[in-house]
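Enquirer: sequence first, then the predicted structure, then my questions.
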Amino acid sequence: MLKLAWRNIWRNKGRSAISIAAVMFCVIFAVVLRSFQIGVWENMTHEIVANNFGYLQLHQKGFWADQTLDNSLELASINEQMFLDHPEVKGLIPRIESFSLVSTGEGTKGTLVMGIDPKKELPGLQLDQFLMEGSTFAPDDKSVVVAEGLAKFFNLSVGDTLLFIGQGYHAASAYGRYPVVGIARMRNPELNKQLVLMPFKEAQFMYNCVGRATTLVVDLEEGADYKRVDQELLAAIDSSAIELLSWEQLFPEIIQTIEADMAGGQIFISILYVIISFVLLGTVIMMVAERQREFGILVSIGMRKSKLAVVTVVENLILTMGGALLGMAIVKPVQFYFKYNPIDLSGQMREAVEQFNFEPKLHTTTSFMINVNHGLIIFLIGSLVSLYAVWKIMTLNPVKSMRS
Amino acid sequence: MSKTVIEVRDLFKVYEGAVPVKAVNGVSLKITQGEFTALKGPSGCGKTTLLNMLGGLDYPTSGSILVGGKDITSLGENELIDFRLRNIGFVFQAYNLIPVLSATENVSFIMLLQNRPKEEREERARQLLQSVGLAGKEDKRPGQLSGGQQQRVAVARALASKPQFVLADEPTANLDSESTANLLDIMLKLNKEEGMTFVFATHDDRVINRARRVVAISDGKVVSDHNK
């Protein structure tokens, strides 16, 4: 039976090629579509999370729910070596994040103050990449870098001085006077309007929280499985005193946005699958019509319809599997190409994407699971539509079929 | 006395429609073992419909067809397919070979459906092809054979299952005179030497002239039945 099925495939090379091509293009289309959708989110997530906030953050228990300096973390209570001993952890990056009123003497504005060590920081806060003017600060400096929008608000230039007044740890006064050594363009428009960056040590001093940090970013090795690291570290830390949060817990709104977009994508891909189903059904209808007479002969000489149906389904499965495997393989270089050569967005789309601090480029994902999933789904659709052939065979009249 | 292979009793086939058509109109007939019978008549007289019902390819509206004493009109679809496989050989006007299989494979295909061992299939297919004059053409596919050669493969295929009888529907309609004569020689030889029963539906005088029994059909009825 397999021999007959195999030879039937080769007998009409044109029809077989059309069937394989139909499945192959369906797989390519579905995979490319989904790769772009998932790739864009993968890239955006990587950019926001990996470059700015980290996949994992360590805080004093309750800090993320109530982000005040009073909930900052005592650094001495953290066994840094325990984290560093983990093979996928590069280090811990301390940050102070708080608010302050800032004045130049002519104007005052509420600002977000971030104390960082640019040398240790994630790529998104390595200031030398974003500087428009001046320079960055060293860990022991007593100076600040101001975001471009805030600099414009105060009409600041490098060398001007800013006055700070706010509330520090345990209601202490937090004040200081710092020269501006640099002006940086932050890609997030909100941060660009209100961010002041200063050395971590100086921020500790100004906010009266020496020895403390609001956040410790767990810096992971490239390609680390953050979920596994999260689980392993959670088992090792004292969860009653500190909280280790993954990026999904830190930014649930990103997850919701991704899920909403994915749901929209699912609807779109479902419509695509309906179209694909009809394309594949068309090839099966063509095959059945072409071979009506042959089916009649086989049944008339004594081949059971069920046996004939099995042979036909096997043929169809071979063709569908061939098309699916070919599609899965051919689309792979396309995925890699657009992963490393993303499509540049332009116009309003570019502006909209940039507003959310995302890179205005369409990347693909190279995850092979997408190919496998969509190849499998289309293979299943191909298998299902071959039921049409089964139905036609099971209801055929051999005399009429032989006359066709 | 020869054994009755097929007995048709008061057979009717009516095609329903705005005007019902009686394609077979009360035929009763007996075919005995070793006969070489032609059902003759003009196109549309009902001979092919009768032949299809004899071969279990179509169900009658009423009446019965006994093959070896068994009424095949009462069999279910799968039983009828199995019955055809084991008891009836078919030769069709358009040869109806499986294009993807070689001559040997076409002949042995029926034996494959009968689950016979490979060695037996190959040996019998080779013998049958030799007996129809196709030695040396065993590996040719239908597309590589002439019309006469294809019809000889069809005869070999019809005999492969060791049927009780062979039904041939206009087997010479697409053949030239020489191929027709060759084919009939082969069939007559098989009829004489192996006692194989042949029933033809034909309006070809070349077949009718060599048949030993001629049943004339007109408007679905048997109008004459002569043994030569």
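Expert: Yes, it's here. Residues are numbered from 1 along each chain as shown, chains lettered A, B, ... in the order given.

Enquirer: ok, A:Met349 to B:Gln114 distance?
Expert: 68 Å (Cβ to Cβ, to the nearest Å). Heads up, the C-betas are built off the backbone N, CA and C, glycines and all.

Enquirer: higher neighbour count, these two?
Expert: The residue with more neighbours, out of A:Met349 and B:Gln114, is B:Gln114; 17 against 11, by other Cβ atoms under 10 Å in any protein chain shown.

Enquirer: other residues contacting stretch A:145-161?
Expert: A:102, A:104, A:106-107, A:109, A:111, A:127, A:131-134, A:136-137, A:162, A:177-186, A:189, A:191-198 (Cβ atoms under 8 Å, 6 or more residues apart in numbering or on different chains).

Enquirer: mind redoing it with 7 Å?
Expert: Contact with stretch A:145-161 is made by A:104, A:107, A:109, A:111, A:127, A:132-134, A:136-137, A:177-186, A:191-197, as judged by Cβ atoms under 7 Å, 6 or more residues apart in numbering or on different chains.

Enquirer: what about the helices in the stretch 201-350 of chain A?
Expert: For the stretch 201-350 of chain A, helices defined by DSSP state H, counting those that start in this stretch occupy the ranges A:226-236, A:247-250, A:252-290, A:292-300, A:305-340, A:347-355.

Enquirer: between the ones you listed, which one is nearest to chain B?
Expert: Nearest to chain B, of all the helices of the stretch 201-350 of chain A, is helix A:292-300, at 4.3 Å by Cβ to the nearest Cβ.

Enquirer: elements contacting that closest one?
Expert: Secondary-structure packing of helix A:292-300 (3 or more Cβ pairs under 7 Å, 6 or more residues apart in numbering or on different chains; DSSP states H and E): helix A:305-340, helix A:398-403.

Enquirer: including distance to chain B and mean neighbour count, could the ones you listed go into a markdown table?
Expert: Compiled in a markdown table, the helices and strands packed on helix A:292-300 are given as follows (distance: least, Cβ to the nearest Cβ, whole Å; neighbours: other Cβ atoms under 10 Å in any protein chain shown):
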| stretch | distance to chain B | mean neighbour count |
| --- | --- | --- |
| helix A:305-340 | 7 | 19 |
| helix A:398-403 | 5 | 18 |
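
Enquirer: residue ranges with poor pLDDT in chain B?
Expert: B:1 (pLDDT under 70).

Enquirer: tell me how many other residues surround A:Asp141.
Expert: Going by other Cβ under 10 Å, the residues that sit close to A:Asp141 add up to 16.

Enquirer: so who does the residue nearest the centre of chain B touch?
Expert: The centroid of chain B falls nearest to B:Leu167 when counting by Cα atoms, centre = their mean (1.4 Å). Neighbouring residues of B:Leu167 by Cβ under 7 Å, 6+ apart: B:51, B:54-55, B:88, B:90, B:199.

Enquirer: kindly indicate which of those residues lies nearest chain A.
Expert: Nearest to chain A among those: B:Phe90, at 6.1 Å, using Cβ to the nearest Cβ.

Enquirer: how about the residues of chain B that lie near chain A?
Expert: Proximity of chain B to chain A (Cβ under 7 Å from any Cβ of the partner chain) is limited to residues B:52, B:57-58, B:78, B:81, B:84-85, B:90, B:96, B:99-100, B:110, B:113.

Enquirer: which other helices and strands contact the helix or strand hosting B:Arg126?
Expert: Assigned by DSSP states H and E, B:Arg126 belongs to helix B:118-131. On a contact count with 3+ Cβ pairs under 7 Å, 6+ apart, helix B:118-131 meets helix B:103-113, helix B:147-160.

Enquirer: would a markdown table of these with mean neighbour count and distance to A:Lys152 be doable?
Expert: Shown next, in a markdown table, are the helices and strands packed on helix B:118-131 (neighbours: other Cβ atoms under 10 Å in any protein chain shown; distance: least, Cβ to Cβ, whole Å):
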| stretch | mean neighbour count | distance to A:Lys152 |
| --- | --- | --- |
| helix B:103-113 | 24 | 85 |
| helix B:147-160 | 25 | 90 |
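
Enquirer: contacts for stretch A:93-110, please.
Expert: Applying Cβ under 7 Å, 6+ apart, the set of residues contacting stretch A:93-110 is A:69, A:75, A:111-116, A:120-122, A:153-154, A:156, A:160, A:162-166, A:174, A:196, A:200, A:203-204, A:207, A:209, A:213-217, A:219.

Enquirer: and that stretch, average pLDDT?
Expert: Averaged across stretch A:93-110, pLDDT comes to 93.

Enquirer: residues of that stretch that come out buried?
Expert: By 16 or more other Cβ atoms under 10 Å in any protein chain shown, the buried positions in stretch A:93-110 come out as A:93-100, A:102-104.

Enquirer: still on that earlier bit, would you turn the helices of the stretch 201-350 of chain A into JSON lines with mean pLDDT?
Expert: As requested, the helices of the stretch 201-350 of chain A are exported to JSON lines (pLDDT from 0 to 100):
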{"stretch": "helix A:226-236", "mean pLDDT": "93"}
{"stretch": "helix A:247-250", "mean pLDDT": "92"}
{"stretch": "helix A:252-290", "mean pLDDT": "88"}
{"stretch": "helix A:292-300", "mean pLDDT": "90"}
{"stretch": "helix A:305-340", "mean pLDDT": "91"}
{"stretch": "helix A:347-355", "mean pLDDT": "72"}
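
Enquirer: filter the contacts of B:Leu167 down to just the buried residues.
Expert: Of the contacts of B:Leu167, these count as buried by 16+ other Cβ under 10 Å: B:51, B:54-55, B:88, B:90, B:199.

Enquirer: which of the residues you listed fall in helices?
Expert: Applying DSSP state H to the buried ones among the contacts of B:Leu167, the entries found in helices are B:51, B:54.

Enquirer: burial measure for whichever residue of chain A sits closest to chain B, as a count.
Expert: Scanning chain A for the residue nearest chain B gives A:Gly302, at 2.7 Å (criterion: Cβ to the nearest Cβ). Applying other Cβ under 10 Å, we find 25 residues neighbouring A:Gly302.

Enquirer: ok, it touching B:Phe83?
Expert: No - if you go by Cβ atoms under 7 Å, A:Gly302 and B:Phe83 don't touch, sitting 8.5 Å apart.

Enquirer: how about A:Gly62, secondary structure?
Expert: Put simply, A:Gly62 is coil when judged by DSSP: H, G, I helix; E, B strand; the rest coil.

Enquirer: quick one: contacts for the residue in chain B that chain A sits nearest to?
Expert: Nearest to chain A in chain B, going by Cβ to the nearest Cβ, is B:Leu85, at a distance of 2.7 Å. B:Leu85 is in contact with A:302, B:110, B:113-114, B:161, counting by Cβ under 7 Å, 6+ apart.

Enquirer: about what we covered before: chain neighbours aside, what residue packs nearest to the residue of chain A closest to chain B?
Expert: Nearest non-adjacent residue to A:Gly302, counting by Cβ to Cβ, 6 or more residues apart in numbering or on different chains: B:Leu85, 2.7 Å away.
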